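In: just the structure for this:
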Amino acid sequence: MSGRVARVVARVHQTWRRSLQVRVVTITLVASSLLVGGFAFLIADKITTILLDSARSDVRQRVISGASYTAKQVSLYGQSQEAQLQQTIDGTVNYLAGGDPQQTSGVVVAITADGYPNDIQTRTAPSANVQQLISPELRAAIADGKVASQIRTGRLTGEPTKYLVYGSPVPTQFGQIELYYLVPLTRQDKTAADARATVVATGVALVILLGLLAALVTRLVVNPVRVAARTAQRLSAGLLDQRMVVNGEDDLALLAASFNQMATNLQRQILRLEEMSRLQRRFTSDVSHELRTPLTTVRMAADLIFAERDEFDPAVARSAELLQAELDRFEELLTDLLEISRFDAGFAMLDSEPTDLVPVVHRVVDRLAGLAERVGVPIELDLPGTPVIAEVDPRRVERVLRNLVGNAVEHGEARPVLITLGLDETAVAITVRDRGVGLKVGEEKLVFNRFWRADPSRARQTGGTGLGLSISLEDARLHGGWLEAWGAPGQGAQFRLTLPARAGDRLTTSPLRLVPADAALPFGGPRDGGPLAIGPGTGGALAIDPAPTGDGQRAEVRS
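Out: The predicted model follows:
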């Protein structure tokens, strides 16, 4: 039961947050209900007061008149024991009550002399019941010579009824007698109830009308906004020809016209940028392909010269070596440009097969061992003792690792580079950790950009093209994996490649942590290996996690 209530509350809360119309109508209904309810209460109370005051005034006049008539009737008697006094009082009661002892008009007239509550003279109700409606407080006020009243509920001849009890003293020669009028307030109560019901019904109708009016007005305003939101969503989805319908000349029509103008300008700019991007990609691809032919010819001549360099003068031999090295860099740049152009054109294909990643890591290390030895950076491995099998494209994974390890060796500052391989039930991960200069604040946002280098002025050993990490990112995205970076000044950097163990699976966590275990975390940065913000399918968006050190930054680029 509690779960069902929680779901209902959550659904209501969701509707409240998402619907402007619901909020406006609800607030209007609540405010109007409070306002109309307050007015209804005041009006009903005022009507009841007016009816009661009218009844009091009428009965008071009747009591005063009756007291005068009674005083005249008993003025001839000097003592209360005279024989004709009782008959006179009975006749006076009958006259004041309407003359008919059996009348049922509801008005009860009672006269009592000294000795109350021993006897009450009445002809229209049992004296005992009348005695219960005349309270001692009212009796005391009358005894003091005052005209007083009270409202009491009691049963005289039928159902319990509310009565207005009015009393007046009647002075005589033998003392004071008391005259009481007991007037039922049934008619006044019914009139007040009818008035309250009418006011409540009118108020409810008014609240409903205000709610409908608020819903209508809100709908007139919200609908164009909703249309604009849906149109904006279609525009963001690539449907650039979507437009809003312009009706009239009011503010909403101006909004629609301005939105359409904005959409037209955006469409024009996007098409222009797409055309420029297409031309740029085509230019890069065409230039890369066209340079292949002359490069092959130059390569053949350079290889011939390089092979015969020992027979040349030392200066010419050195020139042959430099020519060979620069041709290698040129060919590497063309290869990277061709690869980037394939990614941009959407022609890159994944050739997945079950692959043991342990030999892949060893091949990368063996290939870069010479470079590591030259720069004095030892490479350390932390690999499982059993095969780590994953459905990946081994050529692309090896290329990613080669770029990551090559960058780590280049920036290692003669400190060890650690390569770690881990796995769980759904994913495999490889981290490459260096302890060089690290990444400065903001550089984690640029590290995967094309042609970007952390320190262009620093002497470089490998002569990279600046496209390696960009291509690595595209390779990771092609696998449905993540390529993430963390770095801090003075603590080095760590890159983590996470790939699904089975091709096509969606990643949720990584077997290895991104932030190194030996990194200081004064701000309580995360140490777990799971992703925080962006997963596969986001197009390589960049997310910045909490800094693990005072200046350290963690950047995640996930496919």
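
In: now for the one helix or strand residue 49 maps to, which elements pack on it?
Out: According to DSSP states H and E, residue 49 maps onto helix 20-73. Where contact means 3 or more CB pairs under 8 Å, 6 or more residues apart in numbering; DSSP states H and E, helix 20-73 is packed against helix 2-18, helix 83-97, strand 148-154, strand 161-172, strand 175-184, helix 186-236. No exception for glycine: its C-beta is placed from N, CA and C like everyone else's.

In: the residue lying closest to residue 231 once chain neighbours are set aside in helix, strand or coil?
Out: Once flanking residues are discounted, residue 231 sits nearest to residue 242: 5.0 Å by CB to CB, 6 or more residues apart in numbering. For residue 242, the secondary structure call by DSSP: H, G, I helix; E, B strand; the rest coil comes out as coil.

In: any idea how far residue 242 is from residue 287?
Out: 37 Å (CB to CB, to the nearest Å).

In: any stretches of the stretch 51-200 of the chain with poor pLDDT?
Out: Within the stretch 51-200 of the chain, the stretches with pLDDT under 70 are 80-83, 98-107, 110, 113-128, 157.

In: show me the one of the helices and strands packed on helix 20-73 that comes nearest residue 30.
Out: Ranking the helices and strands packed on helix 20-73 by proximity to residue 30 (CB to CB) places helix 186-236 first, at 9.5 Å.

In: what mean pLDDT would you report for the helix or strand just after that closest one?
Out: For helix 186-236, the succeeding helix or strand toward the C-terminus, using DSSP H and E, is helix 251-307. Averaged across helix 251-307, the pLDDT comes to 80.

In: quick check: what element follows helix 251-307 along the chain?
Out: Following helix 251-307 toward the C-terminus (DSSP H and E): helix 314-345.

In: flag every buried residue along that next one.
Out: 317, 320, 323-324, 327, 331-334, 336-337, 339-344 (16 or more other CB atoms under 10 Å).

In: what is the orientation angle of it with helix 251-307?
Out: With axes from the mean of the first three to the mean of the last three CA atoms, to 10 degrees applied, the angle from helix 314-345 to helix 251-307 works out at 150 degrees.

In: so what are the domain limits for the protein?
Out: Here the domain parsing of the chain from automatic domain parsing is 1-73+186-240, 94-184, 252-345, 353-558.

In: what would the ones you listed look like in a markdown table with distance to residue 84?
Out: Shown next, in a markdown table, are the domains of the chain (distance: least, CB to CB, whole Å):
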| stretch | distance to residue 84 |
| --- | --- |
| domain 1-73+186-240 | 11 |
| domain 94-184 | 13 |
| domain 252-345 | 93 |
| domain 353-558 | 108 |
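
In: so which of the ones you listed comes closest to residue 79?
Out: Residue 79 sits nearest to domain 94-184 of all the domains of the chain, at 4.9 Å, using CB to CB.

In: kindly check the end-to-end length of that closest one for me.
Out: Distance between the two ends of domain 94-184: 18 Å, counting by CA to CA, to the nearest Å.

In: let's have the helices and strands packed on helix 20-73 in TSV, adding distance to residue 274 and mean neighbour count.
Out: Listed next are the helices and strands packed on helix 20-73 as TSV, based on distance: least, CB to CB, whole Å; neighbours: other CB atoms under 10 Å:
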stretch	distance to residue 274	mean neighbour count
helix 2-18	34	10
helix 83-97	103	16
strand 148-154	87	15
strand 161-172	86	20
strand 175-184	90	21
helix 186-236	14	15
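
In: between these, which one is nearest to residue 437?
Out: helix 186-236 (39.9 Å).

In: relative to helix 251-307, how tilted is the closest one?
Out: Interaxial angle, helix 186-236 versus helix 251-307 (the same axes, to 10 degrees): 30 degrees.

In: what about the helix holding residue 49, distance to the chain center?
Out: 46 Å (CA atoms, centre = their mean, to the nearest Å).

In: same thing with stretch 311-321?
Out: Computed by CA atoms, centre = their mean, the chain-centroid distance of stretch 311-321 equals 72 Å.

In: show me the strands in the stretch 351-500 of the chain, by range?
Out: Taking DSSP state E, counting those that start in this stretch as the test, the strands found in the stretch 351-500 of the chain are 353-356, 379-382, 389-392, 417-423, 427-434, 482-488, 492-500.

In: ok, back up a step: got the helices and strands packed on helix 20-73 as TSV, with distance to residue 296 columns?
Out: Listed next are the helices and strands packed on helix 20-73 as TSV, based on distance: least, CB to CB, whole Å:
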stretch	distance to residue 296
helix 2-18	62
helix 83-97	133
strand 148-154	116
strand 161-172	115
strand 175-184	120
helix 186-236	45
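
In: closest one to residue 33 among the ones you listed?
Out: Proximity to residue 33 (CB to CB) singles out helix 186-236 among the helices and strands packed on helix 20-73, at 5.2 Å.

In: state the distance from residue 408 to residue 339.
Out: Here residue 408 is placed at a distance of 21 Å from residue 339 (CB to CB).

In: kindly report the same for residue 319.
Out: With CB to CB as the criterion, residue 319 and residue 339 are 30 Å apart.

In: before we move on, back to that, who's more crowded, residue 242 and residue 287?
Out: Taking other CB atoms under 10 Å, residue 242 and residue 287 do not tie; residue 242 has more neighbours (16 against 13).

In: residues in contact with that one?
Out: Contacts here follow CB atoms under 8 Å, 6 or more residues apart in numbering; on that basis residue 242 touches 231, 234, 235, 263.

In: which of those sit farthest apart?
Out: 234 and 263, at 9.7 Å, using CB to CB across these.

In: what sits against the closest residue to residue 391 other than its chain neighbours?
Out: In this structure, residue 391 finds its nearest non-sequential neighbour in residue 503, 4.1 Å apart by CB to CB, 6+ apart. Listed by CB under 8 Å, 6+ apart, the contact partners of residue 503 are 350, 352, 391, 392, 479, 480.

In: let's see that with 10 Å instead.
Out: Counting by CB atoms under 10 Å, 6 or more residues apart in numbering, residue 503 makes contact with 350, 352, 353, 354, 390, 391, 392, 393, 479, 480.

In: surely the third one meets residue 393?
Out: This means residue 353. Yes. The pair residue 353 / residue 393 is scored as a contact, 7.6 Å apart, by CB atoms under 10 Å.

In: from the contacts of residue 503, keep the buried residues only.
Out: Buried members of these, counted by 16+ other CB under 10 Å: 352, 390, 391, 392, 393, 479, 480.

In: of all these, which comes closest to residue 58?
Out: Checking the buried ones among the contacts of residue 503 against residue 58 by CB to CB gives residue 480 as the nearest, at 91.9 Å.

In: just checking, the closest one touches residue 500?
Out: Yes. Counting by CB under 10 Å, residue 480 does reach residue 500; the two are 5.7 Å apart.

In: can you give me the distance of the nearest residue to residue 469 once chain neighbours are set aside to residue 46?
Out: Leaving aside its sequence neighbours, residue 469 sits nearest to residue 448 (CB to CB, 6+ apart; 5.1 Å). Residue 448 sits 77 Å away from residue 46, going by CB to CB.

In: out of these two, which sits in the more crowded spot?
Out: residue 448 (23 against 11).

In: quick one: the more buried one and residue 472 touch, right?
Out: Yes. Counting by CB under 10 Å, residue 472 is a contact partner of residue 448 at 8.0 Å.

In: burial of residue 306, as a residue count?
Out: Neighbourhood size, residue 306 [other CB under 10 Å]: 16.

In: my guess is it meets residue 317, correct?
Out: Yes. In this structure residue 306 lies within contact range of residue 317 using CB under 10 Å: 9.1 Å.

In: double-check that residue 510 belongs to a strand.
Out: No. Membership of residue 510 in a strand is not supported by three-state DSSP, which gives coil.

In: my guess is it meets residue 482, correct?
Out: Yes. With contacts counted by CB under 10 Å, residue 510 reaches residue 482, the gap being 7.0 Å.
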